[in-house]
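Visitor: Make a model of this:
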Amino acid sequence: MTQNQEHFHEPEITVSSAGPNEALQGVLRLVRLAEQRHQTLLWIVAGCLGIGALYYGFAPRYYRSEAKLMVIQQVADELSSMSDQIGSDNLMTTHKDLVRSPVVVRNAIEQLKPEHRIDLVESPPHKWVDSISDRLSASATRKTNFVSVAYESLHPEAAAAVVNAVINSYLEFVEETHRGTAADVLNVLTVERDQIEQDLIVKQQLLQEFRQRIGHLALPKDNEVVDPIIGRALQLNTALMEAQQERIGMQASLATVRRAMSQGEDLRQYLSLVQEAVGEQMLLSALGMGENDVRAMADQQTRLFDVEAQLSRLEPFYGPAHPEVVALSTQAQAIKKYLAEYRNGASGRADFLGQEELGSMLSTMLNQALAQAGERERQLDHSFELARDEAARQSGDFVKLEMLSREVERLEKLHDLLFNKIATVDIRQVQAPIRATIVQEPLPSDRPSSPQLKLVLVASLLSGLAIGLGLIYVQDLMDDRYGSPDEMALQLGCQVLALVRQLQPIAGSGIQSVQMFAKPQAVDSEAFRTLRTAIALGADAPDRLVISSAEPSDGKTTISSNLAVSYAQVGKRTLLIDADLRKPGMTALMDLKGKSGVTDILTTSGDVAAEARRCLLKTEQPNLDVIPAGPRRPDPAELLLGPNFSELLAWADANYDQVLIDCPPVLAVSDAQIVGRMVDGVVLVVSPEKNHRRLVARAYNSFLTAGVNMVGVVANRISEQAGKGYGYGYGYGYGYGHTETNDEILENNAPGKAA
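Guide: Numbering: from 1, shown residues only. Prediction:
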């Protein structure tokens with residue numbers, strides 16, 4: 001990546017980036033706009049500062065007086081507040097609004113002396129309350145019991161007098177509001193308590209009678225009360241479902257055995273299935289094993305469980321080679337072997353039975369077990385139906401009992417709360433529930449609170465910046481062209497190599513119409529020498545250079561032809577190639593239409609160098625040769641991608657000091673990007689008065705995306721009336737009568753060039 005690519009910033013192109021990157025680009029874009037139009041911003045800021053100064057000089061002075069109250073709620077029990085913090089916040093908010101209420105302000109105005117009504121002189125009496133309220137403020141500090149009261153007046157003494165009158169009016173209102181309310185509250189609470197007490201007695205009697213009538217008996221279970229009758233129905237339901245599952249399993253086992261008998265399968269493989277259905281003891285008994293055999297197996301099984309339990313306790317603490325662990329493991333293996341041999345012996349007894357005898361025995365056992373399971377299921381179903389009916393009746397009574405219990409509990413709690421409230425009122429009958437105390441007296445201030453110099457200065461400065469930046473942004477949106485070379489270089493992140501004025505047409509054909517050839521000493525020709533010098537003094541002076549533009553008619557052919565003549569005039573062997581195979585402007589300018597050219601070279605199957613020499617045309621300018629575009633072809637991009645063009649460039653580089661390639665506009669086709677990747681650099685021609693910034697930025701960015709080395713930009717067709725930073729003017733009448741010697745020495749000593 002080149003240096004130009006690394007410093008490229010394209011604010012106008014929408015790229016797929018995260019939100020923070022887009023925001024940062026927008027901020028940087030605004031900063032650059034402010035830097036470019038800093039004079040507009042400075043004038044607007046200066047104007048806002050001037051307006052602020054006028055306001056500060058002529059605005060009336062207001063003086064502020066402030067007092068602070070501490071408001072305390074005397075009653076703080078269960079009925080007065082559900083939460084101390086919530087109650088305190090609500091209390092402070094209420095009294096903050098109460099201070100500014102019309103009734104308090106109206107009484108305060110009546111207490112003011114005539115000399116302290118200076119703020120009411122220009123207001124009619126019916127608007128006095130609004131006039132005072134507009135300048136009166138009250139605020140409460142969160143998580144405290146303090147209320148601040150402040151007032152701004154044209155006179156400091158009047159401000160203190162108004163605050164003092166408002167506070168006195170507020171204190172009188174609070175005292176009058178709560179005076180004598182204790183007795184009224186006590187009467188209301190007493191009547192309510194008596195009514196609740198009567199209801200409580202009635203509900204308690206109903207609850208006791210209902211309990212005796214239904215014979216209630218309940219047991220606590222998992223923090224809930226479960227009636228025994230309901231619990232019995234639930235247990236029977238569980239047992240019934242288990243019996244049904246057991247019967248279904250036996251039916252499945254019987255069907256399996258019958259199917260095996262009908263298909264002539266070996267029934268011994270179904271002994272385990274029958275064992276699960278009828279039980280191990282019943283199966284062993286049917287096979288001829290007595291009760292002692294079964295008891296012996298059960299004892300050995302119990303012994304195996306004990307040995308395995310001891311082994312599991314010792315293994316975490318001892319290794320597998322420990323004597324005790326080894327002994328227990330050996331003992332467990334022996335018991336398992338004994339049980340396995342015993343079961344195998346029992347299973348072996350079935351070998352002596354025939355298939356019919358064994359099948360009959362298994363079917364009989366399954367039928368007996370199935371009959372027992374069906375009988376047990378019918379009994380459980382009958383018991384469950386009876387228990388369910390009884391539980392349904394009991395459940396309705398239990399719900400009614402629960403409702404009565406909750407009603408009694410609610411009345412008891414409410415009765416206790418009212419009793420405690422009455423006791424509190426009795427103790428504090430003579431005290432108001434709210435007490436407000438002045439903790440900071442209102443005092444007159446000798447310094448005005450409004451306007452404040454710092455606040456006016458900051459507000460004016462911020463307003464100026466906001467208005468200025470907004471105006472700059474709107475101007476930038478309305479004008480989508482570059483205002484100056486600096487703006488172009490800053491936004492594209494590249495170097496503006498030269499500024500070329502609007503050239504007047506020159507009579508003649510071919511190279512006779514080229515400015516640098518026809519009028520080499522003219523003022524307008526100096527721009528091309530500047531361009532040549534800027535390219536030569538770059539970090540990497542390119543020998544093979546592409547000249548392209550953003551849009552058609554930007555003047556790329558004019559720039560490339562004059563630059564080629566400029567190189568030839570300093571003695572450099574220069575080759576000008578017209579690679580615009582779609583609309584060959586260079587070929588038309590040099591009056592070479594119909595001549596063999598680039599398309600012939602690119603389509604030849606022979607030697608490219610020989611074909612290039614055949615198509616090469618000399619010009620009247622010494623050291624300058626031209627290869628025209630040649631006949632039109634329908635596939636110019638494919639031709640440029642072929643190997644012949646690379647060979648053409650290699651041949652040109654070996655035989656010429658400077659190779660210039662005129663390419664089509666980059667936004668129209670991709671030919672310029674294809675050629676640009678094969679050469680040392682690209683110069684983009686821009687017509688600032690014609691091209692939009694978005695298009696120029698997109699064109700420049702397309703080269704960078706393709707990995708092309710961007711040498712810089714040439715601003716073309718700058719008129720003397722442009723006045724937007726381009727009107728540099730060569731009209732101050734000095735002659736360029738010097739020779740090209742100095743320029744030639746300078747460029748030949750540029751980096752990468754031979755002396």
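Visitor: Give me the distance from the lengthiest strand in the chain to the chain's centre.
Guide: As far as residue count goes, and with DSSP state E defining each element, the longest strand of the chain is strand 62-73. Offset of strand 62-73 from its chain centre (CA atoms, centre = their mean, to the nearest Å): 45 Å.
Visitor: same for it, what does it pack against?
Guide: Contacts defined by 3 or more CB pairs under 8 Å, 6 or more residues apart in numbering; DSSP states H and E place strand 62-73 against helix 84-99, strand 146-153, helix 156-178, strand 434-440, strand 448-450. Placement of C-beta: from N, CA and C, glycine included.
Visitor: In this structure Arg303 contacts Ala334, no?
Guide: No: judged on CB atoms under 8 Å, Arg303 makes no contact with Ala334 at a distance of 10.2 Å.
Visitor: one step back: would you single out the least confident of the helices and strands packed on strand 62-73?
Guide: Mean pLDDT values for the helices and strands packed on strand 62-73 show the minimum at helix 84-99, a mean of 73.
Visitor: The following helix or strand past that one vs helix 156-178, what angle?
Guide: Sequence-wise, the next helix or strand downstream of helix 84-99 (DSSP states H and E) is helix 102-111. Going by axes from the mean of the first three to the mean of the last three CA atoms, to 10 degrees, helix 102-111 is angled at 130 degrees with respect to helix 156-178.
Visitor: residues in contact with helix 102-111?
Guide: Taking contacts as CB atoms under 8 Å, 6 or more residues apart in numbering, the residues outside helix 102-111 that touch it are 98, 117, 120, 128-129, 132-133, 136, 162, 165-166, 168-170, 172-173.
Visitor: what's the helix or strand following it packed up against?
Guide: The C-terminal neighbour of helix 102-111 among helices and strands, as given by DSSP H and E, is helix 128-135. Applying 3+ CB pairs under 8 Å, 6+ apart, one finds that helix 128-135 contacts helix 102-111, strand 146-153.
Visitor: Which pair in the contacts of helix 102-111 has the greatest spatial separation?
Guide: Based on CB to CB, the longest span within the contacts of helix 102-111 runs between Leu98 and Arg117 and measures 22.9 Å.
Visitor: Outline the domain layout of the protein.
Guide: Structural domains annotated on the chain: 62-179+432-449, 229-402, 494-729, as defined by automatic domain parsing.
Visitor: now, of those domains, which is deepest in the fold?
Guide: Highest mean neighbour count among the domains of the chain (mean count of other CB atoms under 10 Å): domain 494-729, with a mean of 20.
Visitor: so for that domain, what's the average pLDDT?
Guide: 90.
Visitor: can you point me to the longest helix in the protein?
Guide: helix 355-427 (DSSP state H).
Visitor: who does that helix touch, helix- and strand-wise?
Guide: helix 181-214, helix 228-263, helix 271-278, helix 280-286.
Visitor: can you tell me which of those the model trusts least?
Guide: Looking at the helices and strands packed on helix 355-427, the weakest mean confidence is helix 280-286, a mean of 57.
Visitor: Quick check: the gap between the closest residue to Ser131 other than its chain neighbours and Ala138.
Guide: Of all residues not flanking Ser131 in the chain, Ser123 sits nearest, at 4.7 Å (CB to CB, 6 or more residues apart in numbering). Separation of Ser123 from Ala138 (CB to CB, to the nearest Å): 21 Å.
Visitor: and what of Leu41?
Guide: Distance from Leu41 to Ala138, counting by CB to CB: 42 Å.
Visitor: do the same with Arg303
Guide: 89 Å.
Visitor: Am I right that Ala568 sits in a helix?
Guide: Yes: according to DSSP: H, G, I helix; E, B strand; the rest coil, the state of Ala568 is that of a helix.
Visitor: Isn't it up against Gln621?
Guide: Yes: the criterion here is CB under 8 Å, and Ala568 meets it with Gln621 at 5.0 Å.
Visitor: shared neighbours of those two, anything?
Guide: Common neighbours of Ala568 and Gln621 (CB under 8 Å, 6+ apart) do not exist.
Visitor: pLDDT score assigned to Gln36?
Guide: Reported pLDDT at Gln36 in the predicted model: 74.
Visitor: residue contacts, Asn237?
Guide: Remark: with contacts taken as CB under 8 Å, 6+ apart, Asn237 is in contact with Phe384, Arg388.
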